[in-house]
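Engineer: generate coordinates for the sequence data below:
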Amino acid sequence: MSEVDERLTEGVRVAMLGGTFDPVHLGHLRSAVELREGLGLDRVHMIPAALPPLRDTPQVPPEERLTLLRLGIGDTPGLVADPRELARDGPSYSVDTLATLRHEIGAQGRLVMALGHDAFLRLADWHAPERLFELAHVVVIDRPGHAASPSAPLRRLLADREVASAEALMAHPAGGLLRLSLPTRMAVSATQVRRRLAEGRSVRYLLPEAVESRLLSRGLYRET
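Structural biologist: Reported below is the predicted structural model:
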């Protein structure tokens, strides 16, 4: 069977890249582009969390973070600013978001939940973690400065799930784990961006120009 025939048989390839995006920066966006390339994805849905269950409440309202994300993505092929978590009440559980994506792409579509190593280390504490693997694959994006080992509960959750390549991952619709090292390892953090904005320092080349312009014009993240 040719590669084209295999893609028709397996269906669409979609990734969910969630987060607070508080604010979105070039590290987020470059990771999304390289994730799409590395896994041969049709789309990467970048989904701002309205109420992240395991993180502090974001400084900026979700609608504004979504606007910034749309500005950051612009016309980048294959990246989607997805508002679905903003339309739900209550905590932004990833399992609920994955369920809606799975419904949209069908049983044979390849669905990936991508996350950074820091979030990955807390995966066993997430809401219904076993259900995550029933709905999707998990791809851990290697990030500079994050090398801690998994806890015992996380090791149990991940038992026999890890594969060594994107090809092996995409052989099935869901259930696998892949650690992915992206070509561009951008050590940019939203915490760093917020701190610089609060102190009135430059964030040039840490953010897309359209995002920087809106942040500065509206005084977002500035200390009052």
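
Engineer: below-threshold pLDDT in the protein: ranges please.
Structural biologist: Applying pLDDT under 70 to the chain flags the ranges 1-9, 54-55, 143-147, 224.

Engineer: in it, which helix has the most residues?
Structural biologist: As assigned by DSSP state H, the longest helix anywhere in the chain is helix 26-39.

Engineer: which helices and strands sit right next to it?
Structural biologist: strand 13-19, strand 43-48, helix 62-73, strand 79-81, strand 110-116, strand 137-141, helix 166-169, strand 177-180 (3 or more CB pairs under 8 Å, 6 or more residues apart in numbering; DSSP states H and E). From N, CA and C alone the C-beta is placed, and that goes for glycine too.

Engineer: how far does that helix sit from its chain's centre?
Structural biologist: Its chain's C-alpha centre and that of helix 26-39 lie 9 Å apart, by CA atoms, centre = their mean, to the nearest Å.

Engineer: who wins for proximity to residue 160 among the helices and strands packed on helix 26-39?
Structural biologist: Residue 160 lies closest to strand 177-180 among the helices and strands packed on helix 26-39, at 9.5 Å (CB to CB).

Engineer: in the closest one, what's buried?
Structural biologist: For strand 177-180, the neighbour count (16 or more other CB atoms under 10 Å) marks 177, 178, 180 as buried.

Engineer: and if you look at stretch 64-77?
Structural biologist: Quick answer for stretch 64-77 (16+ other CB under 10 Å): 64, 65, 66, 67, 68, 69, 70, 71, 72, 73.

Engineer: pull the most distant pair out of these.
Structural biologist: Between any two of the buried residues of stretch 64-77, the greatest separation by CB to CB is 15.2 Å, found for 64 and 73.

Engineer: quick check: the gap between residue 15 and residue 213.
Structural biologist: 28 Å (CB to CB, to the nearest Å).
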